[in-house]
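# Please find the sequence and the predicted model below.
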Amino acid sequence: MIPKVFREVIDLGDGREISIETGKLAKQAHGSVVVQSGKCMLLCTVVSNYKASDVDFLPLTVDYREKFAAAGRYPGGFFKREARPSDGEVLTMRLVDRVLRPLFPKDYHSETQVMIQLMSHDENVMPDAMAGLAASAAIQLSDFPFECPISEVRVGRVNGEFVINPTLAQLAESDIDMIIGASADSVMMVEGEMDEISEEEMTEAIKFAHEAIKVQCAAQVRLAEAFGKKETREYEPEAEDESLAKKVHDLTYSKVYEIAKAGSAKHERSAAFEAIKEEVKASFSEEEQEEFGGLISKYFYKAEKAAVRDLTLNEGLRLDGRKTTDIRPIWCEVDYLPSTHGSAIFTRGETQALATVTLGTSRDSNQIDMPSFEGEERFYLHYNFPPFSTGEARPIRGTSRREVGHGNLAQRALKGMVPEDCPYTVRVVSEVLESNGSSSMATVCSGTMALMDAGVQLKKPVSGIAMGLITDMESGKYAVLSDILGDEDHLGDMDFKVTGTADGITACQMDIKVKGLSYEILVKALKQARDGRLHILEKLVETIEAPRADVKPHAPKMVTRIIPNEYIGALIGPGGKVIQELQKETKTTIVINEDPVTEEGIVEILGTDQAGIDAVIAKIDSLMFKPEVGSVYEVKVIKMLDFGAVVEYTEAPGNEVLLHVSELAWERTENVSDVVNMGDVFDVKYFGIDPRTKKDKVSRKALLPKPEGFKERPPRDNNRRDDRRGNDRNRDRDRKPRRD
């Protein structure tokens, strides 16, 4: 039976379009769509259990995978199948999850899975920009309780013009790379990197993207109506007890308000709040605690949230006593670790990050092997968030999605400031040692100082800050918070991280938890963030004013030489013998890459000892040495022969040439040792290739005065000699007896 297919098309302009199709694939899923642009096809399926899980949160899993077959390639590795997700896939999962999760009801606790798969790849289409559209469209075809359709688009700016979902080629020329997630009414998520753009330019880019998202949301509504929109499923909501909520609020609110107003440290404040919570619980009988235990904790949290938010909105005060625009105290230190190539500590309040820098060759680059992208990163940053940073003890089970996402944000913030001609592969690692608000921004700051400490010539230092927001929709009051705490992140309505130099924004990440955030508030938050960034930047520059002029004595020095491809084989040697021995002798690392464009070899020489690096350079120069005809060179005798001496060019050790006995002196030389001996150093003149011997010809006598009365022997007549040889052969033939 031929399936009935439903399809909607979205026009992106300039001849490009996106189609959303359902009814053909994965019909047992609760919702499924195929989203296509060009040859790029994403299959998205959604399933949600009808029975709620025994948890107090939404167990939502967003999974994005790229199939290597989509690009006609084999997976790497021994087993030749897709394994754990790459960092790129994890980042796409996070982009989609952050927009979907707030739109499910808070009391919906059924296990829900969103699976997005790249089934066909188009090198001109970036699939991550369509993943959010695919997820939302599939949910619209399901019976899930979901507030409204959303979508995500990438926005770039090429030659001053904004572009929706630019190609890789366009993105290479763009000064903006942002993905925006939104519903038709509200922007909910922003993430990206920029080339030092202004706050106004960033706002305009978000507005441009939002208009495109509105069109995509409307297309999802049309598709769902044509397919037959299902009735939203019924589910058992969490139990509520208004009288219990009021009682807990009355017992809690004023006490929490006073503790919050006192302005205390994290652990002291947490202990005080916990004491109030236990006091509230104690006001109930054991039977009531057993019956309402979960609700008591829930209503306590609601009262705590209300008190903290009201304190900020009414009095402009925050949990640690700061005003809305205040930045926590900062102290910094560089060169803390003696053996690393660069290190720095950045501490802001109760958040601390220790960053290290390691310098290497192109062999140390981060290889990216995805169906949608192959390449390497010569600058990359890793972020680690151990449990002790928040005073917790829990098992470490690999790198979390959060660590991947925060590390990527810090990497995007800094990478534009690493000069294009930096010869090194640079790895930055951030170890978060304390956390109470925006450890990713602390990573940016410590990373900046560590790079400067390592001698990486950053174009400009970069700082970062996390902004928060508290709003009251009924009264219209709002407060934008600079340098938010962890609690303010959880209790607030926005987490907005902004990084940049003194001249503009380099990266951002924003998650908004309320509907209808106005652009007026967004601009205010950006302006306030700029003031905070510049304040933090001053602290960084006070600690280390500029990058060190050179790398540290124990750090490797890097020298790059360009050689014609014809000399690469000689430098490597048979079976790699020459280059391996050279590395061993000079204690250096030598990496050779071929440039397919210039057809030249790029030789990277890495070593801590300058003498070793110089020895490698001398070897390369020696291999590339080409004497010029008519030039004079100093040579050294390295071997004595009966018919001449083998000499070596002193400026190019290893380059040897035969000095024939006839070129030693004007007078007839019977013994070579009568004129030169082993180790003698003298000048010779280079005459090029000798047509008779087909070898290089040099002469010592050409630089000596010709003796008085010296007569040169006339050159041999080779033609007469050949004639004589021919006549001799004829005579020999005639003497042979003939056979009858």
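Nice, I can see it.
# Contacts only, for Ile176.
Counting by CB atoms under 8 Å, 6 or more residues apart in numbering, Ile176 touches 155-157, 162, 192, 194-195, 197, 201-202, 205. All C-beta atoms are positioned from the backbone trio N, CA, C, and that covers glycine.
# out of these, who's nearest Val629?
Comparing these against Val629 with CB to CB places Asp195 closest, at 51.5 Å.
# surely that closest one meets Met417?
No. Asp195 lies out of contact with Met417 (CB atoms under 8 Å); the separation is 10.3 Å.
# Which one of these two is surrounded by more residues?
Met417 (19 against 13; other CB atoms under 10 Å).
# which stretch of helix or strand covers the more buried one?
Under the criterion DSSP states H and E, no helix or strand holds Met417.
# what's near enough to touch it?
458-462, 501, 506.
# most neighbours, which of the residues you listed?
Tallying neighbours with other CB under 10 Å puts Val462 at the head of these, with 27 neighbours.
# OK, contacts around it?
Neighbour list for Val462: 413-414, 417, 444-445, 448, 499-501, 506 [criterion: CB under 8 Å, 6+ apart].
# Let's have these in a markdown table, adding distance to Asp310.
What follows is the contacts of Val462, written out as a markdown table (distance: CB to CB, whole Å):
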| residue | distance to Asp310 |
| --- | --- |
| Ala413 | 34 |
| Leu414 | 38 |
| Met417 | 41 |
| Val444 | 32 |
| Cys445 | 32 |
| Thr448 | 37 |
| Thr499 | 31 |
| Gly500 | 33 |
| Thr501 | 37 |
| Thr506 | 36 |
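# Out of the residues you listed, name the ones that lie in helices.
With DSSP state H as the criterion, helices contain 413-414, 444-445, 448 from among the contacts of Val462.
# And those residues, which is closest to Lys619?
Nearest to Lys619 among these is Leu414, at 36.1 Å by CB to CB.
# distance of the closest one from Val444?
Counting by CB to CB, to the nearest Å, the separation of Leu414 from Val444 is 7 Å.
# Comparing the two, which residue is more hemmed in?
Using other CB under 10 Å as the criterion, Leu414 and Val444 rank with Val444 on top: 32 against 26.
# Roughly how far does the spatially closest residue to the more buried one that is not a sequence neighbour sit from Asn366?
Spatially, and ignoring its direct neighbours in sequence, Val444 is nearest to Gly464 (3.8 Å; CB to CB, 6 or more residues apart in numbering). Look at Gly464 and Asn366: by CB to CB, they are 22 Å apart.
# More neighbours: these two, which one.
Taking neighbours as other CB under 10 Å, Gly464 and Asn366 compare with Gly464 leading, 30 against 16.
# Pairing partners for the more buried one in the sheet, please.
Counting by DSSP bridges, Gly464 forms beta bridges with Thr499.
# same thing with the one 5 residues further on?
Beta-bridge partners recorded for Leu469 (DSSP bridges): Val480, Met494.
# Please list all residues in contact with it.
Going by CB under 8 Å, 6+ apart, Leu469 touches 478-481, 492-494, 496, 512, 514, 517, 521, 525.
# what's the spacing between Asp54 and Thr61?
To Thr61, Asp54 is 17 Å away according to CB to CB.
# between those two, who's got more neighbours?
Neighbours were counted for Asp54 and for Thr61 using other CB under 10 Å; Thr61 has more, 11 against 6.
# Listing request: residues of this protein with sub-threshold pLDDT.
710-740 (pLDDT under 70).
# Where does the record place the domain boundaries for it?
6-227, 242-315, 330-392+399-543, 557-624, 631-703 (the TED database).
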